[in-house]
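**Q** requesting a structural model of the entry that follows:
(chains A, B, C, D, E and F)
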There are 4 protein chains.
Amino acid sequence: MSLAADRPAQPAPARGRPRSEAVERAIIEGVMKLLEDGVPLADLSIERVARTAGVGKATIYRRWSGKEELFVDVLRTAEPPDPELPGTSMRDDLVVLLETLRRRGLASRSSAIMHNVYVQAKCSPRIWAAYEASVIAPRRALALDVLRRGQRDGELRTDIDVELANDMFVGAMLVRTVLRPDAGLPEGLAEEIVDTLIAGLRPVRPPAQ
Amino acid sequence: MSLAADRPAQPAPARGRPRSEAVERAIIEGVMKLLEDGVPLADLSIERVARTAGVGKATIYRRWSGKEELFVDVLRTAEPPDPELPGTSMRDDLVVLLETLRRRGLASRSSAIMHNVYVQAKCSPRIWAAYEASVIAPRRALALDVLRRGQRDGELRTDIDVELANDMFVGAMLVRTVLRPDAGLPEGLAEEIVDTLIAGLRPVRPPAQ
Amino acid sequence: MSLAADRPAQPAPARGRPRSEAVERAIIEGVMKLLEDGVPLADLSIERVARTAGVGKATIYRRWSGKEELFVDVLRTAEPPDPELPGTSMRDDLVVLLETLRRRGLASRSSAIMHNVYVQAKCSPRIWAAYEASVIAPRRALALDVLRRGQRDGELRTDIDVELANDMFVGAMLVRTVLRPDAGLPEGLAEEIVDTLIAGLRPVRPPAQ
Amino acid sequence: MSLAADRPAQPAPARGRPRSEAVERAIIEGVMKLLEDGVPLADLSIERVARTAGVGKATIYRRWSGKEELFVDVLRTAEPPDPELPGTSMRDDLVVLLETLRRRGLASRSSAIMHNVYVQAKCSPRIWAAYEASVIAPRRALALDVLRRGQRDGELRTDIDVELANDMFVGAMLVRTVLRPDAGLPEGLAEEIVDTLIAGLRPVRPPAQ
DNA sequence: GCCTAACCGAGACGGTACGTCACGTCTTTTA
DNA sequence: TAAAAGACGTGACGTACCGTCTCGGTTAGGC
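**A** Numbers count the residues shown, from 1 in each chain, chains lettered A, B, ... in the order given. Okay, here's the model as predicted:
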């Protein structure tokens, strides 16, 4: 669902010429192309996007109310799909979740899209809220579920705040992808983080057999 | 030390009227005042800063090459001083380091300065590098020292990558201050993180005495 | 015809919103108003003209490439229309031509427009060329025609360079309007100049009949 | 006498270091050099003059109150000296006077100094007045004397306004030097103008012998 | 032979205007 | 009615000069 989707849900009689979906795609892909070509985010004006996409400015403003709204949609389009969890254990599920983060970090660096747009989104409280609600929160809920299931199944100490635990898992990977991208994101990083943390977060005594 | 201070260390004959330090302070404090007054970072033009500080635009450009460079100095000025480490144990030192981060997060939210300017700095690789080198790296080196000392003193498993360990400590706090500021930063958070992580990172057996 | 009218004669499909002629008029009249109000020419910035006309700077620069080009159009707009020649004799035609010059001189002084803008235009070779070609040259051609017709009809010595003769007629009036405006431009001046000069320039003997 | 010579006539105790005349010359010649190098007058800023002359801005402002005052002195310095009149006849004197004008016109075109600075001076009423009083008026008085002597000696009709007569002589040359520099200033021009005009301005009957 | 006032270069200072660019809105024509 | 095109008022950009004001460092008299 688009932020720009202030269009009524019930299709409305649809008078006049309908909006072209091709144009919508052309705009979003125009933004991505520019970012991939190394254009700094600050140099990305609506005017330039319109020029690149071969589109009138009004056509953009008809869909998004400004630069930030547009970027949220770009961010969402580029976001990898939610990972499929194996469900074999809390540990395996966490590894898959972190591995998704890791791969996104890799993609960001290689494509130069995510890192900057993400940071830009962070600048605008309104936009960040939209991005948080539609992308981050669901994935976070997923992770919390996994952790709670871990507590129920005896894979995680029950006296631990699962929110804090999640912050630890995510935080370690976040530092690597956002704060210290130069440190690299080696292949086994997700497993290493999960195992290291679990080693300490597991109950001191094994659950009653 | 100022970013703008690329003036040679050996004073150089110092010809012409010297730059006024009062003006320099007025500019930086003008930026802070505006941010504290709730002006969105995007609305902070050089022109407006100049107007607020009662200063000519050229006087700003004489010291900083643009908005970002100026913000790095603002960031640096607002940065709390390096904490004094008790040195009683690795655990206590880490708590103090994380507590500093936590308090900065609190201050940021209350003053509205840090969060936005920090994010803005992150947008520009060049500026981020300057900030990273002059503020982040030293503090990180401090933390790594603490961790290595911990390994030597038997407070931390020796088979652990201290860099990864540091990412975990910092990351957990970072998620709370940057990504989820709404979750709050309760008083005992630093201790909770450190103890929780150490609980698992400590060696299974005490080092041979 | 406007200097700015480098737009092709054949209309070109005329895409996009057309330029507003009202805006064009507002700008030129804004300049005139300022000059009439006694603003020194040196204080006439594009910024001020835009402010006065209630117009964006870009709207001015879209039409004129700078201050001088704009002034040429102001000059042209304020220029009195070409006089209608009686055609009764060379002498009468010349009086009418000079009388036009005299009246322009009077208007210039009273309105404060012409004198300064004219001199300003003179400063820029490029602008002067444009003004010369579109305003001065046609009127000069007219005068040369009158003089040549005078030679043909026996009103002017045939051994005289008509260009030099014209310079004498025009020059006398020019000194009064530009160089010595304080000397005044009394009513009969045009006739006095023409008659005085003709008295000497006529052939000593009437042309052979 | 310099415009800048607001220094009191009675020397005043003259304490402190006296102003350097060498500096004064360097500034004026710096302006001339720039003009000769084809720098447009509009691009001649005080800052640039100071840079060229290797002089502080304050040193210029200490002597002249602004750009225009400086230019008047430049103009005066470049002005050719008053011609020496042969005194053999009004006609010969007038030829010499006009020849001076012609040569100044030639020099202007070749050196590119006079034309622009002259026009610039014309822009500022105050400056023009100073230039008019110190350069033009004396030469004009000289010419009027010559003409009056001509009337007395029977070389000029007595029913003619000598001021108007002078405007005719000067005007014809002025048109050639200022308004139509492309027409050229051929060698015999001064004589041609004087003779052509005199031919008509002389009394119809020769003075009583 | 100092003293000291004014000069000199350099350049910082608060300003104003430059000409360009992007903003978000608006009017055109064309489809 | 949507779409491309582009004009419109607004206002920030970074630069260049304006004329004034410090700076440190000469240069002359007058003591």
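
**Q** mind checking how far the residue nearest to A:Leu179 when sequence neighbours are not counted is from A:Val194?
**A** What sits nearest to A:Leu179 in space, not counting adjacent residues and going by Cβ to Cβ, 6 or more residues apart in numbering or on different chains, is B:Leu174, at 7.2 Å. Quick note: C-beta positions are derived from backbone N, CA and C, even for glycine. Note on B:Leu174: its distance to A:Val194, by Cβ to Cβ, to the nearest Å, is 18 Å.

**Q** next one: A:Val96
**A** Separation of A:Val96 from A:Val194 (Cβ to Cβ) stands at 10 Å.

**Q** okay, the two: which has more neighbours?
**A** Each of A:Val96 and A:Val194 has its neighbours counted (other Cβ atoms under 10 Å in any protein chain shown); A:Val194 has more, 24 against 18.

**Q** surely that one meets A:Leu101?
**A** No - A:Val194 is not in contact with A:Leu101 according to Cβ atoms under 8 Å; the separation is 11.5 Å.

**Q** burial measure for A:Asp92, as a count.
**A** So A:Asp92, with other Cβ under 10 Å, has 15 neighbours.

**Q** test my guess that it contacts A:Glu84.
**A** No - judged on Cβ under 8 Å, A:Asp92 makes no contact with A:Glu84 at a distance of 11.7 Å.

**Q** in chain A, which residue sits closest to chain D?
**A** A:Asp43 (31.5 Å; Cβ to the nearest Cβ).

**Q** separation between that residue and DNA strand E?
**A** Separation of A:Asp43 from DNA strand E (Cβ to the nearest atom of the strand, to the nearest Å): 7 Å.

**Q** that residue: neighbour count?
**A** Neighbour tally, A:Asp43, other Cβ under 10 Å: 8.

**Q** next one: A:Thr100
**A** For A:Thr100, using other Cβ under 10 Å, the count is 17.

**Q** touching chain B at all, the helix or strand where it lies?
**A** Using DSSP states H and E, A:Thr100 falls within helix A:90-111. No - contact of helix A:90-111 with chain B (Cβ under 8 Å from any Cβ of the partner chain) is absent, the minimum separation being 11.4 Å.

**Q** residues making contact with that helix?
**A** Residues from elsewhere that reach helix A:90-111, judged by Cβ atoms under 8 Å, 6 or more residues apart in numbering or on different chains: A:35-36, A:78-80, A:83-87, A:113-115, A:118, A:139, A:142-143, A:146-147, A:149-150, A:153, A:155-156, A:169-170, A:173-174, A:176-178, A:181, A:185, A:189-191, A:193-195, A:198.

**Q** just the buried residues of those residues.
**A** Neighbour counting by 16 or more other Cβ atoms under 10 Å in any protein chain shown classes A:35, A:78, A:83, A:113-115, A:118, A:139, A:143, A:146-147, A:150, A:155-156, A:169-170, A:173-174, A:176-178, A:185, A:189-190, A:193-194, A:198 among the contacts of helix A:90-111 as buried.

**Q** what's the helix or strand for A:Leu185?
**A** Counting by DSSP H and E, A:Leu185 is part of no helix or strand.

**Q** now A:Ala190
**A** Going by DSSP H and E, A:Ala190 is in helix A:189-201.

**Q** which helices and strands does that helix pack with?
**A** Helices and strands touching helix A:189-201, by 3 or more Cβ pairs under 8 Å, 6 or more residues apart in numbering or on different chains; DSSP states H and E, are helix A:90-111, helix A:162-174, helix B:162-174, helix B:189-201.

**Q** tell me which of those helices sits nearest to C:Tyr131.
**A** Of all these, it is helix A:90-111 that lies closest to C:Tyr131, at 57.0 Å by Cβ to Cβ.

**Q** just the angle between that closest one and helix A:162-174, please?
**A** 40 degrees (axes from the mean of the first three to the mean of the last three Cα atoms, to 10 degrees).

**Q** quick one: buried residues of helix A:90-111?
**A** Within helix A:90-111, the residues that count as buried by 16+ other Cβ under 10 Å are A:90-91, A:93-102, A:104-105, A:108-109.

**Q** relative to chain C, which of these is nearest.
**A** Once Cβ to the nearest Cβ is applied, the member of the buried residues of helix A:90-111 that ends up nearest chain C is A:Ser108, at 37.6 Å.

**Q** ramachandran angles for A:Gly66?
**A** When read as degrees, to the nearest 10, the backbone of A:Gly66 gives phi 180, psi -170.

**Q** so A:Lys57 touches A:Ser45, yeah?
**A** No - A:Lys57 lies out of contact with A:Ser45 (Cβ under 8 Å); the separation is 9.9 Å.

**Q** count the residues that sit near A:Val31.
**A** By other Cβ under 10 Å, 25 other residues sit near A:Val31.

**Q** where does the closest residue to it other than its chain neighbours fall, helix, sheet strand or coil?
**A** Here the nearest residue to A:Val31 in space, its sequence neighbours aside, is A:Val74; by Cβ to Cβ, 6+ apart that works out to 5.0 Å. Per DSSP: H, G, I helix; E, B strand; the rest coil, the local secondary structure of A:Val74 is helix.

**Q** pLDDT value on A:Val74, please?
**A** With respect to pLDDT, A:Val74 scores 84.

**Q** show me the shaky parts of chain A.
**A** Counting by pLDDT under 70, chain A has low-confidence residues at A:1-17, A:108-125, A:200-209.

**Q** distance check, the residue in chain A that DNA strand E sits nearest to against A:Leu70.
**A** Distance from DNA strand E to each residue of chain A (Cβ to the nearest atom of the strand) is smallest for A:Ser45, at 3.0 Å. Separation of A:Ser45 from A:Leu70 (Cβ to Cβ): 11 Å.

**Q** which one of the two has more residues nearby?
**A** More crowded of A:Ser45 and A:Leu70, by other Cβ under 10 Å: A:Leu70, with 24 against 11.

**Q** residues contacting that one?
**A** The neighbourhood of A:Leu70, defined by Cβ under 8 Å, 6+ apart, consists of A:Ile27, A:Ile28, A:Val31, A:Ile46, A:Val49, A:Ile60, A:Arg63, A:Trp64.

**Q** mind giving me the domain split of chain A?
**A** According to automatic domain parsing, chain A comprises the domains A:21-63, A:81-201.

**Q** adding distance to D:Glu21, write those domains out as JSON lines.
**A** Below are the domains of chain A laid out as JSON lines (distance: least, Cβ to Cβ, whole Å):
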{"stretch": "domain A:21-63", "distance to D:Glu21": "55"}
{"stretch": "domain A:81-201", "distance to D:Glu21": "62"}
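
**Q** DNA strand F: which of the ones you listed is closest?
**A** Nearest of these to DNA strand F, taken as Cβ to the nearest atom of the strand: domain A:21-63 at 2.9 Å.

**Q** does the closest one reach DNA strand F?
**A** Yes - against DNA strand F, domain A:21-63 shows contacts by Cβ under 7 Å from any atom of the strand at A:Val23, A:Gly54, A:Val55, A:Gly56, A:Lys57, A:Ala58, A:Thr59, A:Arg62.

**Q** I figured the last one was touching A:Glu24, is that so?
**A** No - contact between A:Arg62 and A:Glu24 fails when scored by Cβ under 8 Å: they sit 10.1 Å apart.

**Q** neighbour-wise, which of the two wins?
**A** More crowded of A:Arg62 and A:Glu24, by other Cβ under 10 Å: A:Glu24, with 19 against 12.

**Q** now that one: closest residue in space, sequence neighbours ignored.
**A** Closest to A:Glu24 by Cβ to Cβ, 6+ apart is A:Arg63, at 6.4 Å.

**Q** state the distance from the one you found to chain C.
**A** Taking Cβ to the nearest Cβ, to the nearest Å as the measure, A:Arg63 falls 21 Å from chain C.

**Q** checking that residue next. Helix, strand or coil?
**A** What three-state DSSP gives for A:Arg63 is coil.

**Q** follow-up on the earlier one: got the helices and strands packed on helix A:189-201 as CSV, with distance to C:Ala129 columns?
**A** Shown next, in CSV, are the helices and strands packed on helix A:189-201 (distance: least, Cβ to Cβ, whole Å):
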stretch, distance to C:Ala129
helix A:90-111, 55
helix A:162-174, 66
helix B:162-174, 67
helix B:189-201, 77
